[in-house]
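> would you be able to build a 3D model of this:
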Amino acid sequence: MQIILYLIAAVMLFYSVMLVLTSNFNMGNLIVWILTAACCVYAIWHKSLNAWFTGTAVGRVALVLLACGTVFYAGMLVFVACSGYANPPTGNEKVVIVLGAGLRKDKPSLLLRYRLDKAYEFAQAHPDVLVVTTGGQGRDEWVPEGQAMRDYLIEKGLSPDRVVAETKSTSTEENFLFARQILEQRGIHVNQPIVYVTNAFHCYRGGKYAEMAGFTQAAALPAGIPLRSVPTCYLREVFAVLYYWVFRSSESGLMQNMVGILSLNKKFFYK
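Just a heads-up that it's a prediction; the model follows:
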């Protein structure tokens, strides 16, 4: 048992050090670091901690609370993992909205390429689909995300006439809102069916933000995610979903001024 605890702590410590060396501070990293510290503490002092948890009244209460919190968090992880596949496209959609996810200079990040490749597959299978790429220009990006995404899809083989770039948005809410304006200019009403593309962990909130923008028939097309990004993205998304349930938007609430600080870091996860 002790060997297993040390092994888990060592793996977590290795991953945490890698995050420190290759990325800046963000909420996903912070959660991993906290879990790593907890694993290391328990691995070293598990006998004393077990005695405290089972031998004192305060410890037993703490153990119950810890167990309940763990079960709740695990349930939320399952919800985040499964909800992205709950509303698949029917094939009748005429519009694909691709949500932005960061660039490296003027090229789509790895996470974003997963989304773009999924959108490309759908567009290839449905020749009448119009693709809207969304995203403004970040402080360390050379061009707007929407433009780089459009260029990527055209280079892969989509006709320029089929891809429209939205280049002003700074959040998922604005992705949908500004995409709606573009579609309305083309005579496409929000009541018509659309499909939005994002990574699977983000699909639930993406659907909620699509509803906020007025889209009444928005299906989700979940893209994959790099294996190394799974822990931070999914652990972080649990809190993002809970935050949405309380404040209904990333544009309000206690964390509003920290959205940029706690965003996913592009040096590691997006390369």
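
> so which elements touch the helix ranked longest in the chain?
Assignment by DSSP state H gives helix 27-55 as the longest helix of the chain. Contacts defined by 3 or more CB pairs under 8 Å, 6 or more residues apart in numbering; DSSP states H and E place helix 27-55 against helix 2-22, helix 57-83, helix 230-247. The way it works is simple: take the backbone N, C-alpha and C, and place the C-beta from them, glycine included.

> convert the C-alpha atoms of the last one to PDB, please.
This points to helix 230-247. Coordinates of each C-alpha in helix 230-247 appear next as PDB, following Å, rounded to 0.1, in the frame of the first residue of the first chain:
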ATOM      1  CA  VAL A 230      -6.900  16.100 -20.000                       C
ATOM      2  CA  PRO A 231      -6.200  16.500 -16.200                       C
ATOM      3  CA  THR A 232      -6.000  20.300 -16.200                       C
ATOM      4  CA  CYS A 233      -8.900  20.900 -18.700                       C
ATOM      5  CA  TYR A 234     -11.300  18.600 -17.000                       C
ATOM      6  CA  LEU A 235     -10.500  19.500 -13.400                       C
ATOM      7  CA  ARG A 236     -10.800  23.100 -14.300                       C
ATOM      8  CA  GLU A 237     -14.000  22.700 -16.200                       C
ATOM      9  CA  VAL A 238     -15.800  21.300 -13.200                       C
ATOM     10  CA  PHE A 239     -15.300  24.700 -11.500                       C
ATOM     11  CA  ALA A 240     -16.200  26.500 -14.700                       C
ATOM     12  CA  VAL A 241     -19.500  24.700 -14.800                       C
ATOM     13  CA  LEU A 242     -20.300  25.300 -11.200                       C
ATOM     14  CA  TYR A 243     -19.400  29.000 -11.700                       C
ATOM     15  CA  TYR A 244     -21.800  29.100 -14.700                       C
ATOM     16  CA  TRP A 245     -24.600  27.500 -12.600                       C
ATOM     17  CA  VAL A 246     -24.200  30.300 -10.000                       C
ATOM     18  CA  PHE A 247     -23.500  33.400 -12.200                       C
END
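
> can you give me phi and psi for Val164?
Taking degrees, to the nearest 10, you get phi -120, psi 140 for the backbone angles of Val164.

> that one: how many residues sit nearby?
20 (other CB atoms under 10 Å).

> run through the bridge partners of it.
Val132 (DSSP bridges).

> enumerate every residue touching it.
Residues in contact with Val164 (CB atoms under 8 Å, 6 or more residues apart in numbering) are 130-133, 150, 182, 186.

> ok, it to Ile188 distance?
11 Å (CB to CB, to the nearest Å).

> what touches both of these two?
Going by CB under 8 Å, 6+ apart, residues that sit against Val164 and also against Ile188 are Leu130.

> right, and Tyr85 touches Ala200 too?
Yes. In this structure, Tyr85 is within contact of Ala200 by CB atoms under 8 Å, at 6.9 Å.

> who has more neighbours, the two?
Each of Tyr85 and Ala200 had its neighbours counted (other CB under 10 Å), and the higher figure belongs to Ala200 (23 against 12).

> in contact with the more buried one, which residues?
So Ala200 contacts 81, 84-85, 222-225 (CB under 8 Å, 6+ apart).
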